[in-house]
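Colleague: quick one: sequence plus predicted model below, questions after.
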Amino acid sequence: MTRVLGLVGCAAGGLEDIRTQLIEPMQSDGWTVAVTVTPTAATWLRASGEYDKIEAVTGLPVRVEPRLPTETSPHPPVDCYAVVPATASTVAKLALGIADNQALTSVCEALGNRRPPVVIFPRINAAHAGQPAWLDHIDALRRAGAHLIYGDDVWPLHTPRSAPGRALPWNAIRRAIDTTTRAHDN
């Protein structure tokens, strides 16, 4: 049985590499990858040419807009959501249950249902983490059962704009998706 990863991408560093570093390796491991992105992430992916490449390699449309109530979902049911990269804004909205775009709606529902499992990689810097509400957002997501790829062991924080082009911890992200999905299956 093929597993389906619901990949949610936000407009943050690393987004430009999701096809080569996450989608294609997950497909090689037998996953189907259904991609939904925030509106700004869609703009970034279109400008780079990655939007069409992602649709070609997945065989599915990249979702940005919600569907009409009379339409069926263009994506298959998901076995795990991965929010990669997640901006500080997306983390805050997920923690507060704010579903103001298609990408957030699906993940908020998963957190509320406690299934399917949700893996989140906050692609943030030290200033984001220093914001007074940040730790409350992280704690809220953990209480909701989200698996966060977060901490100095996987992503030491840096000052704003001091690490352009820094590679995301792709191996840790792929490992977390696999481990979290297996744990949820048991």
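Modeller: That came in fine, so what should we check first? Residues are numbered from 1 along each chain as shown.

Colleague: most distant residue from the middle of the chain?
Modeller: Farthest-out residue of the chain from its mean C-alpha position, per CA atoms, centre = their mean: T70, at 26.7 Å.

Colleague: for that one, phi and psi?
Modeller: phi -90, psi -10 (degrees, to the nearest 10).

Colleague: number the chain from 9, please
Modeller: Okay, using 9 as the starting number, the last item reads as T78.

Colleague: how near is it to A152?
Modeller: 31 Å (CB to CB, to the nearest Å). In this view, the C-beta of every residue, glycine as well, is placed from N, C-alpha and C.

Colleague: and for L15?
Modeller: Noted for L15: a distance of 19 Å to A152, by CB to CB.

Colleague: settle it for me: which of the two has more neighbours?
Modeller: Neighbour count, other CB atoms under 10 Å: between L15 and A152, L15 has more, with 27 against 16.

Colleague: dump the residue contacts of that one.
Modeller: 26, 30-31, 41-44, 89-90, 92 (CB atoms under 8 Å, 6 or more residues apart in numbering).

Colleague: can you flag which of those residues belong to strands?
Modeller: 41-44, 89-90, 92 (DSSP state E).

Colleague: does E24 touch E58 like I think?
Modeller: Yes: here E24 reaches E58: they are 6.3 Å apart, a contact under CB atoms under 8 Å.

Colleague: which of the two has more neighbours?
Modeller: Set side by side, E24 and E58 show more neighbours around E58, with 22 against 16, by other CB under 10 Å.

Colleague: the nearest residue to the more buried one once chain neighbours are set aside: neighbouring residues, count only.
Modeller: Excluding the flanking residues, the one nearest E58 by CB to CB, 6 or more residues apart in numbering is R27, at 5.8 Å. Neighbours of R27 under the rule other CB under 10 Å: 21.
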